[in-house]
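Engineer: okay, here's the prediction I keep looking at, along with the sequence it came from:
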Amino acid sequence: MKYSANFLLLSIFGFFFTLLTPIANAQPGYLTLSGKVINQENGEPIPFAGISVKGRSIGTVSNVVGAFLLKVPNAFVSDSLKVSSVGYQSFTQPIVLAKNQNLVIRLKAAAITLDEVRVQARQKTAVDMLREAIAAIPRNYDTTSVQLTAFYREDARFDNDPMTFNEAVLSVYKAAYNQSEQKDQMKLLKGRKKNYKLTRYNLPPIVNLSNGARNSLMADFIKQPYHKNSLMNERNFKNYDFKLSMLTGDRPTYVIDFGPGKRKRKSYGTGKFYIDAETLAFIRCELQISQAGLDKENSNDWLMKKIASVVYKQSLEMSDFKEVITYTSNGGKWHLNNVERRYEARINSSSRKIVDKIWKVATSFTVTDVVAKGIAPFAEGDIADNRNSMNTLIGEQNDPNFWENYNIQKAASVDSVLENIPVVPVTKPSNALKNQVGNRQNGFNRADTLRGKLTPLRSNYDVTFYDLAVKVDIENKAISGKNRMRFKVLNPLDKLQVDLYANMQIHQISYAGKPLTYTREYDAVYVQFTETLRPGSEHELEIAYSGTPQVPDFSVPMMGGFLWDKDQAGNPWVQVVCQGSGASLWWPNKDHLSDEPDSMRISVTVPGDLMNISNGRLLQITALPGNQTQYDWYVSYPINNYNVTLNIGKYAHRRETYGPDSLTLDYYCMPYNQAKFRWVFDGVKPMLATLEKHYGPYPFPRDGFTLMESLYPMEHQSAVSFGKLPAERADSLTLADSLRIMQLAWHEVSHEWWGNNVSCRDLADMWINEAFATYSEGFYLDSAVPEDGELGYIATLPPQVIGKEPIIGVRDVNHIHYDIGDMYSKGSLVLYTFRHMLNNDQLWAAILKGIQQRFRLQTVTTQDVVGYINEKTGADYSWFFDQYLKYTTIPTLEIQLTEKEQALVVRYRWKADVPNFRMPIRVTKRENHYDFITPTTVWQTMMLPKLTADDFDVDDTRFYVKVVELASDHPVSGRRP
């Protein structure tokens, strides 16, 4: 997962985007210990105290009233029970003496020294100790991956009425602490829940907590102490006041109190750090959001909050947030132990007669076992990137024997889930994303080159027409057919290359009615002519073939193939997707993006009771013997090979027309979704109107426009699909569901311009297709949300950036099976950044339309696109695109702020990979007002009258950059970095 930019202020309203073998230490029998931990002096409960088997990794924590329950495997009953809490002396007792089920553990408070602490015979400040503890992180926390078992509980209430209650046991892959770029992962082992009907208020689904277990795991502030907004980042020290004291006892502990300093506008929390005096390890953090933090969160243009205010006529304002994070030692290394969170928000809705009602959520995340070290990331089942609520992730599983021998945190009140609820089997999620090694690390093989390189065997001819005929055998998941390829000779040739995956069989290749000889190398097919073909002449090959095409592996990016499925009524449902893998996985062709046929016919034969939808216009439907039906489609424009498709199923069909030229609009979906999801297709006309406004007329009017429900979303030219509709919950869609459907539709439809009209010539430049399509999603959000919808959308993109591979890939190898997400999220951020840097929306609009006109129905490279932008702007912006597209790092704006005589002295420069990087960017040169500056790679200085350091800000929403504030005493010079 991406760790939050601010562990103080995790976004709690992020609504976007297996029944496994029990863990290794599960024993056939166990002893249950339960009781309460209290303060020896006053009898008050001690919450979140650690209860464990001494010297073992098994444990739990006490709840908010000090109660606990610990299950000890029989193999360990001769060991000792250990109870500890920061600020108290530990308690140890043999387990055999602790079999009483109502134990009362009394802990003695440690003495508290309130004065400034003298450390190592000299005075050290709180900031000194904080710096030393941060510097000690690499030696104190695991530098190898660890598998943990964790317990999670979530209790949500509205106006004191219970809303949801869920509990889960999780397996956690905890990446090494010194590898902040490596994602932590979670698997759901078991879960159960109870939902309460709140008909009194009829609350919408936006009142829900996004994956609370994910949020808790992200609270591990040790993982990224140097993030720009972290309190532990030294650049933020100046925003807080710190005070150092000490707790004495069996393990002395430094305590650092922090709270708002003079620059209160950027001090987002108040609380305490607890640091082990011996190791300087952080062992606990207590945090409460400050007023400045509340103001920041509630002034943010949260996209979903804004949509909620429009769609649901409801406002949601955060009013409080508290958090306690603890760490524990295991084998000399410390790891996350417990995360307790309390969220509070104020809700108003005049239509529901809700006035200042409080929504409260309490969550607990407790590590109960360290299973193994040095493990590999989970290959499947990871839910850490899934932002759905835990209620949704748990599904319908409710096991009355839920706990078995798993350790938990005891519920503070009566367990409201323990009811006679039938057990529902848990289904194993399929096609979970696997960790892929980048293509530059994998290297390339001969097959990659044969697919990706334009050798003379390919460049000596140009395809003008394909006539593809395919019969689909659904029962055997096989296809057979032939492809007639018409081509024009560009240079003399007596041999050429076509492509068909090696698992597919070629029966015959014919030329002028006679068979030709051919050889195969991997997926390349070399066809030998009996004569030399002259330049300018046109010829035809016919290739007969059959086979069982590969099926997609969605754990590998763009590893496509045939999807064989059934709809909800049990009817066959088939689709092919092959972007990345290439069309030659299912039909023979010249499989290189640079060569698109001028037109194409697609004939698909299917069982008589099914329908096939392909690209272009439906010419005719022909009934054939044996209850077979042939569908003939014709594409009258150039089309890239991976866009050629078939969709087979029992579809419902609706047709409309659009615009002054009566463009035909055809809509296909499953019959049971036709009425419920009519609103999706009703949004097509305003969608097309918006996209045409920005990019020019729809590119393929002769072929009409089709939008369909499908097994998988894909931009198939003039036959666009947006994936499978959530029919099982169509009447109760969450806001995230509705948003996802429309965003997908806008993304895929915008490919008609970016990817289909203007197409990349090599997969290395596929960002041209995907970045502009992702950018186009902002148009939808801008139309759906009256204020700042697009700006809110921009703010959601940076956390999606992976940053391991440059956006531009390696040319001539056609290799794309790696983490490709940056060409979407980072690519669109590049476009937004350039647009805002240009600061001329009229010119930017002309550039977007101009690219579509200049390169209409052509394939292009990055150089073509950047060259056109340079031409239209009259400036060379190669330095900008080189930095963002060819390097993984983004430009860093270094700033140094010094307050001096009623003014602010600001020193600034860019750090970048590209020499002479010089991007203009907006900063606050006046209070609450942004103006442009033009940093270079050389230090510059400006004086801002009547401004304080607290007033200065950089617009890092509109501009995708990193900002680093240097200490005021940091030496700077005019030299380049």
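Structural biologist: Cool, got the structure. Computed from a predicted structure; not experimentally measured. Residues are numbered from 1 along each chain as shown.
Engineer: following the least confident helix or strand in the chain by mean pLDDT, which helix or strand shows up next?
Structural biologist: Least confident helix or strand of the chain, by mean pLDDT, DSSP states H and E, is helix 303-311 with a mean of 54. Next helix or strand after helix 303-311 toward the C-terminus (DSSP states H and E): strand 315-330.
Engineer: I'd like the average pLDDT over the helix or strand just after that next one.
Structural biologist: Using DSSP H and E, the helix or strand that follows strand 315-330 in sequence is strand 333-349. Taken as a whole, strand 333-349 has a mean pLDDT of 85.
Engineer: could you check the angle strand 333-349 makes with strand 315-330?
Structural biologist: Angle of strand 333-349 versus strand 315-330, following axes from the mean of the first three to the mean of the last three CA atoms, to 10 degrees, is 170 degrees.
Engineer: okay, buried residues for strand 333-349 please.
Structural biologist: 333-341, 343, 345-347, 349 (16 or more other CB atoms under 10 Å). No exception for glycine: its C-beta is placed from N, CA and C like everyone else's.
Engineer: can you list the buried residues in the next helix-or-strand element following that strand?
Structural biologist: The first helix or strand that comes after strand 333-349 along the chain, using DSSP H and E, is strand 354-373. Within strand 354-373, the residues that count as buried by 16+ other CB under 10 Å are 354, 357, 359-370.
Engineer: distance of Pro552 relative to Leu563?
Structural biologist: As judged by CB to CB, to the nearest Å, Pro552 and Leu563 stand 6 Å apart.
Engineer: and those two? Which one has more around it.
Structural biologist: Shown here are Pro552 and Leu563; by other CB atoms under 10 Å, Pro552 has more neighbours (21 against 17).
Engineer: for that one, pull up the helix or strand it's in.
Structural biologist: Assigned by DSSP H and E, Pro552 falls within no helix or strand.
Engineer: name all residues that make contact with it.
Structural biologist: Pro552 sits next to Asn431, Met559, Gly560, Gly561, Phe562, Leu563, Val577, Tyr712 when contact means CB atoms under 8 Å, 6 or more residues apart in numbering.
Engineer: I'd like the distance between the residue lying closest to it once chain neighbours are set aside and Gly547.
Structural biologist: Spatial nearest neighbour of Pro552, chain neighbours left out: Gly561 (4.4 Å); criterion: CB to CB, 6 or more residues apart in numbering. Distance, Gly561 to Gly547, using CB to CB: 12 Å.
Engineer: quick revisit: quick check: neighbours shared by Pro552 and Leu563?
Structural biologist: The contact sets of Pro552 and Leu563 overlap at Val577, Tyr712 (CB under 8 Å, 6+ apart).
Engineer: report the central residue of this structure.
Structural biologist: What sits nearest the mean C-alpha location of the chain, by CA atoms, centre = their mean, is Gln800, with 4.7 Å.
Engineer: and the gap between that one and Leu103?
Structural biologist: Counting by CB to CB, the gap from Gln800 to Leu103 is 48 Å.
Engineer: on that earlier part again, with pLDDT as added columns, please give the contacts of Pro552 in TSV.
Structural biologist: Listed next are the contacts of Pro552 as TSV, based on pLDDT from 0 to 100:
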residue	pLDDT
Asn431	30
Met559	86
Gly560	91
Gly561	95
Phe562	97
Leu563	96
Val577	95
Tyr712	93
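Engineer: for PyMOL, what selects the buried ones among these?
Structural biologist: To isolate the buried members of those in PyMOL, using 16+ other CB under 10 Å:
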select buried, resi 559+560+561+562+563+577+712
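Engineer: in TSV, list the contacts of Pro552 along with distance to Leu646 and secondary structure.
Structural biologist: Shown next, in TSV, are the contacts of Pro552 (distance: CB to CB, whole Å; DSSP: H, G, I helix; E, B strand; the rest coil):
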residue	distance to Leu646	secondary structure
Asn431	21	coil
Met559	19	coil
Gly560	13	coil
Gly561	13	strand
Phe562	9	strand
Leu563	11	strand
Val577	10	strand
Tyr712	13	coil
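Engineer: got JSON lines for the contacts of Pro552, with distance to Ile394 too?
Structural biologist: JSON lines is the format used below for the contacts of Pro552 (distance: CB to CB, whole Å):
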{"residue": "Asn431", "distance to Ile394": "20"}
{"residue": "Met559", "distance to Ile394": "30"}
{"residue": "Gly560", "distance to Ile394": "32"}
{"residue": "Gly561", "distance to Ile394": "32"}
{"residue": "Phe562", "distance to Ile394": "33"}
{"residue": "Leu563", "distance to Ile394": "27"}
{"residue": "Val577", "distance to Ile394": "30"}
{"residue": "Tyr712", "distance to Ile394": "26"}
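Engineer: farthest-separated two in the contacts of Pro552?
Structural biologist: The two members of the contacts of Pro552 with the most space between them (CB to CB) are Asn431 and Phe562, at 14.5 Å.
Engineer: just the closest of the contacts of Pro552 to Glu656, please.
Structural biologist: Set against Glu656, the nearest of the contacts of Pro552 by CB to CB is Tyr712 (24.8 Å).
Engineer: contact partners for the closest one?
Structural biologist: By CB under 8 Å, 6+ apart, Tyr712 lies in contact with Pro552, Leu563, Gln575, Val577, Ser721, Gly723, Lys724.
Engineer: reformat the residues you listed as JSON lines; add distance to Gly827.
Structural biologist: Formatted as JSON lines, the contacts of Tyr712 follow (distance: CB to CB, whole Å):
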{"residue": "Pro552", "distance to Gly827": "23"}
{"residue": "Leu563", "distance to Gly827": "27"}
{"residue": "Gln575", "distance to Gly827": "26"}
{"residue": "Val577", "distance to Gly827": "21"}
{"residue": "Ser721", "distance to Gly827": "22"}
{"residue": "Gly723", "distance to Gly827": "21"}
{"residue": "Lys724", "distance to Gly827": "26"}
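Engineer: low-confidence bits of the stretch 401-550 of the chain, can you list those?
Structural biologist: By pLDDT under 70, the low-scoring segments of the stretch 401-550 of the chain are 401-442.
Engineer: would you map the helices across it?
Structural biologist: Along the stretch 401-550 of the chain, the segments classed as helices by DSSP state H, counting those that start in this stretch run 439-442, 446-452, 456-459.
Engineer: neighbouring contacts of the longest one?
Structural biologist: Residues outside helix 446-452 that contact it (CB under 8 Å, 6+ apart) are 497, 499, 521-524, 582, 584, 591-592, 762-763, 811-815.
Engineer: scan this protein for its longest helix.
Structural biologist: When the chain is parsed with DSSP state H, its longest helix is helix 767-784.
Engineer: name the helices or strands packed onto that one?
Structural biologist: Applying 3 or more CB pairs under 8 Å, 6 or more residues apart in numbering; DSSP states H and E, one finds that helix 767-784 contacts helix 303-311, helix 684-695, helix 735-750, strand 758-760, helix 789-796, helix 825-838, helix 862-873.
Engineer: if we use 7 Å, what do you get?
Structural biologist: Contact here means 3 or more CB pairs under 7 Å, 6 or more residues apart in numbering; DSSP states H and E; on that basis helix 767-784 packs against helix 684-695, helix 735-750, helix 789-796, helix 825-838.
Engineer: please enumerate the helices of the stretch 1-150 of the chain.
Structural biologist: 126-135, 137-140.
Engineer: so which of these is nearest Asn491?
Structural biologist: Closest to Asn491 of the helices of the stretch 1-150 of the chain is helix 137-140 (CB to CB; 60.6 Å).
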